[in-house]
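Visitor: Output the structure for:
(4 chains)
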There are 2 protein chains.
Amino acid sequence: MRRANAKASGYAAVKNELLRRIRNKVWAPGALVPGEIELAESFGVARGTMNRAMRELTEQGYLERKRKGGTRVRPSPLRAARFEIPIVRAEIEGIGAAYAYKLLARRIAPVSAELRNLFGLKGKERLLYLECLHLADGMPFQLEERWINLKALPQAEAANFTELGPNEWLVQTVPYTDVEIAFEACAASTLSAEQLRVKRGEPLFTTLRTTWFKGDAITHVRLTFHKGYRMVTRY
Amino acid sequence: MRRANAKASGYAAVKNELLRRIRNKVWAPGALVPGEIELAESFGVARGTMNRAMRELTEQGYLERKRKGGTRVRPSPLRAARFEIPIVRAEIEGIGAAYAYKLLARRIAPVSAELRNLFGLKGKERLLYLECLHLADGMPFQLEERWINLKALPQAEAANFTELGPNEWLVQTVPYTDVEIAFEACAASTLSAEQLRVKRGEPLFTTLRTTWFKGDAITHVRLTFHKGYRMVTRY
DNA sequence: CAGTGGTCTAGACCACGTT
DNA sequence: ACGTGGTCTAGACCACTGG
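Guide: Numbering: from 1, shown residues only, chains lettered A, B, ... in the order given. Have a look, this model is predicted:
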């Protein structure tokens, strides 16, 4: 029974109207809003439709829901942005440049206290350290410094990273359950300054990513981008 | 008819199994997977349940769906991360520090070519420029440089930004339809070095955000964080 | 134009968490 | 204990688009 009642029906229309009521403070921040069933009736839609609208508004940070507790307007709507983290190759080819990859170093790494902590190491586990450069049209684009936990991923020791970068190799090989990503601005180190052809101390955009599989840290990577790099998203 | 058939039913269980098939290349990258109806039957769930599982996997970047075209495994699963962009006050109070706000400057700004371009200005429109400092326990936390389009938002000229920061004022006042956010590393300018108490040229993490409402640029802001700031997310 | 995904409905049972 | 959201089902119509 599709109603052509007042306006266009459908969960998207419902969402918009709910959003309007939140923005115009028809429902004050923190206030309890009517229940699904009641709202569904008043909108003339099925409960499932109202549920989807409210669920998505919850995911988007506008509402808070609790069983039995009901639904509330989030006091200050939390803004969230989605950033796509492309594989370097795709990002470079996406801007129409030729991609090239170079393996700079590969060794069993001495384990610093920081890494030991990150990987939750206790004994004499071994880490594989890889240093790679990704180039766009011959210009250095991104420096990759990666540590791989050989205990969690012994097959990495046999892998040849001269052709395929560890990033792509890992994506194709290993599943993960948890990821932590951090962005920061850091001063060019001796290594990154040399590889990315800037002066030491220049500000460079950096991404740090650690990946776990069921509690075990698999890999940690520091990606340092060329000078002037911007990470952009729009919504 | 809830089946206790093989494993736990439910859209989450279905999702996991689909994900397993993707990861283990039971369905190769780029390959066409069976249709909803067929899969729903083979899993012993309703089509609606299968639809939700597949829809969420699509949102998460694992599948591509087209009407009539069917569903395919995304060739390289695109990784996306969600970052919450909290209001500064909430972020500072969230780490247990006392929040303080200071308005440093407020004037009708000379319009640079860059800003003119950003706001899509043609004639002699006026921009309100605001310079604010956000402090955590008395230490400079974030420098806010903001431009507001007075043509799109004339009421901003009357607003008093000495108590309430423009960020919070805007959130409470203006709806928006489009947002662009960019992250970059930049060298401390004379202004930011002075306010954030670092040397000129130090690397600082910066967020740029532009907000539109139905095609008109409302406001543009540059947020420069204190030295050593990291933006982190986990999933 | 025919097939696939997109969405809606009405009804039902269940789980969690407040009371 | 009981009310609210979370989810499932079976069936239906529709919209887009590939062949």
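
Visitor: Parallel or antiparallel, which strands does the helix or strand where A:L204 lies pair with?
Guide: Assigned by DSSP states H and E, A:L204 belongs to strand A:203-213. With DSSP bridges as the test, strand A:203-213 is paired with strand A:178-187 (antiparallel), strand A:216-225 (antiparallel).

Visitor: and among those, the most buried is which?
Guide: strand A:216-225 (a mean of 21; mean count of other C-beta atoms under 10 Å in any protein chain shown). Every C-beta, even on glycine, is put in place using the N, C-alpha and C of the backbone.

Visitor: can you list the residues of chain A near DNA strand C?
Guide: Applying C-beta under 7 Å from any atom of the strand, we find that chain A lies next to DNA strand C at A:1-3, A:9-12, A:44-49, A:52, A:66-69.

Visitor: From A:A80, how far out is A:R72?
Guide: Taking C-beta to C-beta, to the nearest Å as the measure, A:R72 falls 18 Å from A:A80.

Visitor: Is any residue of whatever helix or strand A:R146 lives in near chain B?
Guide: Using DSSP H and E, the element containing A:R146 is strand A:139-149. No - judged by C-beta under 8 Å from any C-beta of the partner chain, strand A:139-149 and chain B are separated, with a smallest distance of 13.4 Å.

Visitor: contact partners of that strand?
Guide: A:88, A:92, A:109, A:115, A:119, A:125, A:127-135, A:156, A:165-167, A:170, A:191-192, A:195-197, A:216-226 (C-beta atoms under 8 Å, 6 or more residues apart in numbering or on different chains).

Visitor: In contact with A:E84, which residues?
Guide: Neighbours of A:E84 in contact, by C-beta under 8 Å, 6+ apart: A:T233, B:G61, B:L78, B:R79, B:A80.

Visitor: if I look at it, how far off is DNA strand C?
Guide: 19 Å (C-beta to the nearest atom of the strand, to the nearest Å).

Visitor: any idea of the angle the host helix or strand of that residue forms with strand A:216-225?
Guide: Following DSSP H and E, one finds A:E84 within strand A:79-85. Orientation check (axes from the mean of the first three to the mean of the last three C-alpha atoms, to 10 degrees): strand A:79-85 against strand A:216-225 gives 90 degrees.

Visitor: next helix or strand past strand A:79-85?
Guide: Next helix or strand after strand A:79-85 toward the C-terminus (DSSP H and E): helix A:88-94.

Visitor: what helices or strands is the helix or strand following that next one leaning on?
Guide: Once helix A:88-94 ends, the next helix or strand along the chain (criterion: DSSP H and E) is strand A:99-109. Helices and strands touching strand A:99-109, by 3 or more C-beta pairs under 8 Å, 6 or more residues apart in numbering or on different chains; DSSP states H and E, are helix A:88-94, strand A:127-136.

Visitor: and if we set it to 10 Å?
Guide: helix A:88-94, strand A:127-136, strand A:139-149, helix A:166-173, helix A:190-196 (3 or more C-beta pairs under 10 Å, 6 or more residues apart in numbering or on different chains; DSSP states H and E).
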